[in-house]
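**Q** All I have is the shape, not the residue letters:
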């Protein structure tokens, strides 16, 4: 992100920036003008509020996620506004959940690969990770079952606190976990809780859910009946609306809600009310939904531009899944190629002024396997179409040179 | 805060809310309208930015604090924009500094009493505190010297990592630490560093500095020459502008700046750009300064309303210092009275629908003394003049009944 911001000629396909051209400037201006029109309505937006969030935004958020789950939505209690915590971006929720649930040396289950900043959080708290392979339907549950059974045998199951799942258009692979897989995952966690001696939580990170441009939506784990007490669902308004307006949210069960809210009190005693009320208005007015339609068409187009360029410029052995949402293409190069930050490939790419995220950065430190080092995360979010074409062409040139 | 927000009849003299009537609604509206007028200028405000903050706001902030220190400002290097980290309220900076610098069991030096949410941070990280009495000029340095010498003798000096000082119109006592005292404090910390085996940082929290309505400003510890490497200066724009716009900042030396910025990357990878650019415009346009003048007159008036009511309604033995800034009056009752959350006084006050912060909450857990329990923190920030009068009258009635 820093490189992309500092070096103007560089084409960054690395950072998860969102599309610049579609940023809702006129919408934000109109919403804020309306919000600040009457002093009476406006004052609460410029004052402190409750740590857990603006009551209206919590209510609107509960309804919003319930609507996303649609007919699949299970018990109403799972979607209660009382379970909603508003945060300064969903990243803050991930941080606080890790901070509250895990002690140094504890084990977090993650997808292999997973969201790289979550790995940084985990590392900063001295936690260990175990990676679970990801197939086209999501997590490999049989693998997870064997893993947990092994941890039980070795006496380490008591250290397992949390499973972190990026369930929609996963960062970095683009995979969406099916509803059945989520239900199976929750059952599996429940199964091992008795032996673990405590709750094993699932943290479902839905950051990319609304950036869907192909196929039907998948209900969230909130819609799985009977598991509300072990589920944390995190979502964000930043990516679907504007990343400069950092507002995320989580649905949390008690007693975790209270614990995380106390930590939030210590972090910042509440997310900016001005941002919260802006989003509450965007959601209630339909502006959010309308903007999202624009965004989806835009990302669908940019994803096509990227995959077309990949087909044109990359060696035929390169593999990727056609994105149906999110911001990323996960490109798998021939295994003998190295893509890491110290590799010739990465350095040659930088020389050609193009930046990607080395795949190895998305793998947890897991003693059971070496980190794969032949993949790249390519973002079509922030770059223009022209830059996507040029960037992929440059990168393809570098890769082809090394394949020869 | 929760009680005040939930119970409409309650008069809260507890929470550190800011004045409602002077919230800059028209100013914010105009600034945001200008900011979002042209798509070209507006887009960066709706996009992610560097974790450490918007370059313009960092530059403006560096100049702003340098201007506050005026002729006293020492080396230019101390006020470099490169040392400025923008945070989601200054609370976030306090949290991250404690998180980065201290390990469980470490010792933090604090004023006795001090800012209660800082104590919550310290407690949540398993840190210990040692309180230093506060006189009219600030910290008692002779006491601190004896304390540090004692810790050296007991072999615990190596656990001392940080001294936290609310240097202007302190929360809760209203005391401002003199410049000479700050210079002396830094010398003292330096003196013990060799024996400690590491840097002992001073965290100067200037949260109330700009809410000054009587007397001259005091230069910050940034103006003390030769101590930049052990000084963290934290400030906020929320209280002087609008608490719903949560933007704070810190000046940090390396390598701490880099460490805290990495933690910030894990917390939220950057404060909302929209809020940052709003404040950069407020500062650059003069709107911030003009608003501050209004605010100062307003708080001066509300402080007078409160102390006049105290003189009228409280027993003559009650002691307080006339506020020259900030949001609080620190009232000392006769020592035999108890003011804690479990006390008859507190409960009777609640029955009369008036809330204050029990003084004991502002004292660190320190094994060397019992927490004083006969004081109250009274805020004139959020309540209207009428509510201040009524609240103090009710509270005075409750106190007088117990004094009899």
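**A** Cool, the structure landed. Source: prediction; values computed, not measured. Numbers count the residues shown, from 1 in each chain, chains lettered A, B, ... in the order given.
**Q** Could you report the neighbour count for residue A:49?
**A** Per other Cβ atoms under 10 Å in any protein chain shown, the neighbour tally for residue A:49 reads 24. Every residue, glycine included, has its C-beta placed from N, CA and C.
**Q** actually residue A:294, not the one I wrote
**A** Residue A:294: 14 neighbours (other Cβ under 10 Å).
**Q** touching chain B at all, the strand or helix carrying it?
**A** Taking DSSP states H and E as the criterion, residue A:294 maps to helix A:287-313. No - Helix A:287-313 stays clear of chain B (Cβ under 8 Å from any Cβ of the partner chain), getting no nearer than 11.1 Å.
**Q** which residues does the residue of the stretch 301-404 of chain A found nearest chain B contact?
**A** Residue nearest to chain B within the stretch 301-404 of chain A: residue A:382 (8.1 Å; Cβ to the nearest Cβ). Residue A:382 makes contact with A:4, A:12, A:15, A:16, A:17, A:18, A:19, A:20 under the criterion Cβ atoms under 8 Å, 6 or more residues apart in numbering or on different chains.
**Q** Is it possible to mark the buried ones in those residues?
**A** Buried members of these, scored by 16 or more other Cβ atoms under 10 Å in any protein chain shown, are A:4, A:12, A:15, A:16, A:17, A:18, A:19.
**Q** Can you give me the neighbour number for residue A:234?
**A** A total of 24 residues lie near residue A:234 under the criterion other Cβ under 10 Å.
**Q** What's opposite it in the beta bridge?
**A** Under DSSP bridges, the beta-bridge partners of residue A:234 are residue A:205, residue A:250.
**Q** dump the residue contacts of it.
**A** Residue A:234 neighbours (Cβ under 8 Å, 6+ apart): A:90, A:93-94, A:97, A:203-207, A:248-251.
**Q** Need the residues you listed in TSV (columns: neighbour count and pLDDT).
**A** Formatted as TSV, the contacts of residue A:234 follow (neighbours: other Cβ atoms under 10 Å in any protein chain shown; pLDDT from 0 to 100):
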residue	neighbour count	pLDDT
A:90	23	96
A:93	28	98
A:94	27	98
A:97	26	98
A:203	26	98
A:204	27	98
A:205	28	98
A:206	22	98
A:207	27	97
A:248	25	98
A:249	27	98
A:250	27	98
A:251	27	98
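**Q** What pLDDT is listed against the residue nearest to residue A:210 when sequence neighbours are not counted?
**A** The spatial neighbour of residue A:210 that comes closest, neighbours along the chain excluded (Cβ to Cβ, 6 or more residues apart in numbering or on different chains), is residue A:240 at 4.3 Å. Residue A:240 is assigned 95 on the pLDDT scale.
**Q** what's the burial count for the closest residue to residue A:169 other than its chain neighbours?
**A** Spatially, and ignoring its direct neighbours in sequence, residue A:169 is nearest to residue A:326 (2.9 Å; Cβ to Cβ, 6+ apart). When neighbours are defined as other Cβ under 10 Å, residue A:326 has 30 of them.
**Q** ditto for residue A:195
**A** Residue A:195 has 13 neighbours, counted by other Cβ under 10 Å.
**Q** likewise the one 3 residues further on?
**A** Residue A:198 sits with 12 neighbouring residues when counted by other Cβ under 10 Å.
**Q** for residue A:388, same thing?
**A** Using other Cβ under 10 Å, residue A:388 is surrounded by 27 other residues.
**Q** looking at it, it is touching residue A:302, isn't it?
**A** Yes - with contacts counted by Cβ atoms under 8 Å, residue A:388 reaches residue A:302, the gap being 6.3 Å.
**Q** which residues do those two both contact?
**A** By Cβ under 8 Å, 6+ apart, the residues touching both residue A:388 and residue A:302 are residue A:380.
**Q** returning to that earlier point: any idea whether the residue of the stretch 301-404 of chain A closest to chain B is helix, strand or coil?
**A** The three-state label given to residue A:382 by DSSP: H, G, I helix; E, B strand; the rest coil is coil.
**Q** Kindly provide the distance from it to residue A:21.
**A** Per Cβ to Cβ, to the nearest Å, residue A:382 is found 10 Å from residue A:21.
**Q** circling back: in the buried ones among the contacts of residue A:382, which has the lowest confidence score?
**A** Among those, residue A:4 has the weakest pLDDT, 57.
**Q** check contacts around the closest residue to residue A:53 other than its chain neighbours.
**A** What sits nearest to residue A:53 in space, not counting adjacent residues and going by Cβ to Cβ, 6+ apart, is residue A:86, at 2.8 Å. Residue A:86 sits next to A:52, A:53, A:54, A:57, A:58, A:61, A:247, A:248, A:249, A:271, A:276 when contact means Cβ under 8 Å, 6+ apart.
**Q** 6 Å instead, please
**A** Residues near residue A:86 by Cβ atoms under 6 Å, 6 or more residues apart in numbering or on different chains: A:53, A:57, A:249, A:271, A:276.
**Q** so which of the residues you listed comes closest to chain B?
**A** The closest of these, once distances to chain B are taken by Cβ to the nearest Cβ, is residue A:271, at 7.4 Å.
**Q** what distance separates stretch A:104-122 from the centre of its chain?
**A** 13 Å (Cα atoms, centre = their mean, to the nearest Å).
**Q** Please read the previous query as pertaining to stretch A:366-382.
**A** Taking mean C-alpha positions (Cα atoms, centre = their mean), stretch A:366-382 and its chain are 15 Å apart.
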